[in-house]
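Participant: model this:
(one chain, ligands or ions: 1)
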Amino acid sequence: MKDHFQPYRQTAAMRELFAETDVLPRHFIAPLFVQHGLTSPVSIDSLPGNYRFSPDQAVVEAKALHALGIRAVILFGIPDAKDATGHQAADPNGVVQSSIRAIRQAVPDLVVIADVCLCQYTTHGACACLDANGGIQIPPTLESLQAIAVSYAESGVHAVAPSGMIDGTLPALKSALAQYPDCWVLAYAMKYHSQFYGPFRSATSAQYDGHAAHEYSRAQHQIPPTQSREALRDALLDVEAGADAVMVKPGMPYLDQLAHLRQHTTVPLAVYQVSGEYAMLKQAVASGIFDDEWAVFHESFVGMRRAGADWIVSYYAKAWAEHYATR
Ligand code: PBG
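Facilitator: Okay, here's the model as predicted:
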């Protein structure tokens, strides 16, 4: 007898029988970038395989995702015009609001979540209103975030996802949404200050332009990568403030944090495989470092599920589900 022979690993059926972790279409939240005035979907160079959609094209995409068994989408808007306070984000006819209405009507079964942040909408690219020196102005920022969330709720969104990590966001949104008891909150509770967001910023043209100030940096509101206990404390504050589900972001470099948070809260946990992680894996496949793209992504998702994620936000959600359906 061999010392370390595992008889239950001998066949595929046994390995499947013994599997502790699964990945299913229902675990994914698919990101959708929406923009008014496109005649056809526009491919996003920094996120190969992803597109910007007009609201009517987003409906077609939402139907396809739903048919693959995906239960939820998260919408990111690309506005026609930016200004210093990101005022278009709360426009009732803004691209996110229009897409929410269109998708809710055409695919009533799909869960529609919308990202709440200012960075795509401000000329300076910050997630907040800034003073002349580039300092974050909390009260007007929170007022804007409230107006955005209310406009999404008015449009019929199921859930809002504040992604800016601005202090006081959760209580501000909960109070603004008190009149919309059906709308729940997915809080980006552990959002690290990360290099891995690069491709998203070019996809949404939300690059900080250095404008007004030299002080502003997302490091002022996002969590430093060195922090673990502090991140847990922040996340639990969001849960106490009424977050219905919480997110850890990025994914692969922060799986320890996901596992850590899993042990301290009972609300659903989402993990965001962010743009840089996606781009990195796609690039590695394109340059021949890996030969089986699906298997590589699948393994990254198994790791996230094993660490405790209930939901995975990934730019690979659709591609994963398409292949899964053919297996
Ligand atoms: C906006 C926002 C960002 C991401 C999601 N929402 C960018 C940022 O914080 O700089 C990044 C997502 C990704 O990289 O895929 N606050």
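
Participant: what about the worst-scoring helix or strand of the chain on mean pLDDT, near the ligand?
Facilitator: One helix or strand of the chain scores below all others by mean pLDDT, DSSP states H and E: helix 198-203, with a mean of 86. Yes - using Cβ under 6 Å from any ligand atom, we find that helix 198-203 touches the ligand at 200-201. Every residue, glycine included, has its C-beta placed from N, CA and C.

Participant: put the alpha carbons of that helix into CSV.
Facilitator: In CSV, the C-alpha atoms belonging to helix 198-203 read as follows (Å, rounded to 0.1, in the frame of the first residue of the first chain):
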residue,chain,number,x,y,z
GLY,A,198,-6.4,50.4,-13.9
PRO,A,199,-8.3,48.9,-16.8
PHE,A,200,-11.7,49.9,-15.3
ARG,A,201,-10.6,53.5,-15.2
SER,A,202,-9.7,53.5,-18.8
ALA,A,203,-12.9,51.6,-19.7
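
Participant: after it, next one along is what?
Facilitator: helix 229-240 (DSSP states H and E).

Participant: low-confidence ranges, the stretch 201-327 of the chain, go.
Facilitator: By pLDDT under 70, the low-scoring segments of the stretch 201-327 of the chain are 206-215.

Participant: what does the stretch 201-327 of the chain have sitting close to the ligand?
Facilitator: Counting by Cβ under 6 Å from any ligand atom, the residues of the stretch 201-327 of the chain lying close to the ligand are 201, 218, 274-275.

Participant: next, count neighbours for residue 16.
Facilitator: Neighbour count for residue 16, taken as other Cβ atoms under 10 Å: 9.

Participant: again, but for residue 116
Facilitator: A count of nearby residues for residue 116, using other Cβ under 10 Å, gives 27.

Participant: same check, this time on residue 219
Facilitator: Neighbour tally, residue 219, other Cβ under 10 Å: 9.

Participant: ok, back up a step: pick out the most distant pair among the residues of the stretch 201-327 of the chain next to the ligand.
Facilitator: Maximum pairwise distance in those, criterion Cβ to Cβ, is 14.4 Å, between 218 and 275.

Participant: would you agree residue 112 is in contact with residue 66?
Facilitator: No - the pair residue 112 and residue 66 fails to qualify as a contact (Cβ atoms under 8 Å) at a distance of 11.0 Å.

Participant: which one of those two has more residues nearby?
Facilitator: Neighbour count, other Cβ under 10 Å: between residue 112 and residue 66, residue 112 has more, with 25 against 21.

Participant: and the pLDDT for that one?
Facilitator: Reading off the confidence values, residue 112 has pLDDT 98.

Participant: before we move on, the earlier item: counting contacts, what elements does the least confident helix or strand of the chain pack onto?
Facilitator: Helices and strands touching helix 198-203, as assessed by 3 or more Cβ pairs under 8 Å, 6 or more residues apart in numbering; DSSP states H and E, comprise helix 275-286.

Participant: where does the stretch 1-150 of the chain have low pLDDT?
Facilitator: 1-3.

Participant: so who does whatever residue of it ends up closest to the ligand touch?
Facilitator: Per Cβ to the nearest ligand atom, residue 117 is where the stretch 1-150 of the chain lies closest to the ligand, at 3.8 Å. Counting by Cβ atoms under 8 Å, 6 or more residues apart in numbering, residue 117 touches 127, 145, 162-164.

Participant: repeat that for 10 Å
Facilitator: Contact analysis of residue 117 by Cβ atoms under 10 Å, 6 or more residues apart in numbering lists 76-77, 86, 89, 126-128, 144-145, 148, 161-166, 169, 188, 204, 206.

Participant: kindly report the same for residue 107.
Facilitator: Residue 107 touches 58-67, 73, counting by Cβ under 10 Å, 6+ apart.

Participant: residues of stretch 43-55 that come out buried?
Facilitator: By 16 or more other Cβ atoms under 10 Å, the buried positions in stretch 43-55 come out as 44, 46-47, 50-55.

Participant: my error: substitute stretch 226-246 in the last question.
Facilitator: Buried, per 16+ other Cβ under 10 Å, within stretch 226-246: 231-232, 234-236, 238-239, 241, 243, 245-246.

Participant: how about those residues in JSON lines, adding distance to residue 180?
Facilitator: Shown next, in JSON lines, are those (distance: Cβ to Cβ, whole Å):
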{"residue": "231", "distance to residue 180": "29"}
{"residue": "232", "distance to residue 180": "29"}
{"residue": "234", "distance to residue 180": "25"}
{"residue": "235", "distance to residue 180": "24"}
{"residue": "236", "distance to residue 180": "25"}
{"residue": "238", "distance to residue 180": "19"}
{"residue": "239", "distance to residue 180": "20"}
{"residue": "241", "distance to residue 180": "17"}
{"residue": "243", "distance to residue 180": "16"}
{"residue": "245", "distance to residue 180": "17"}
{"residue": "246", "distance to residue 180": "20"}
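
Participant: of the residues you listed, closest to residue 175?
Facilitator: Closest approach between the buried residues of stretch 226-246 and residue 175, by Cβ to Cβ: residue 241, at 10.0 Å.
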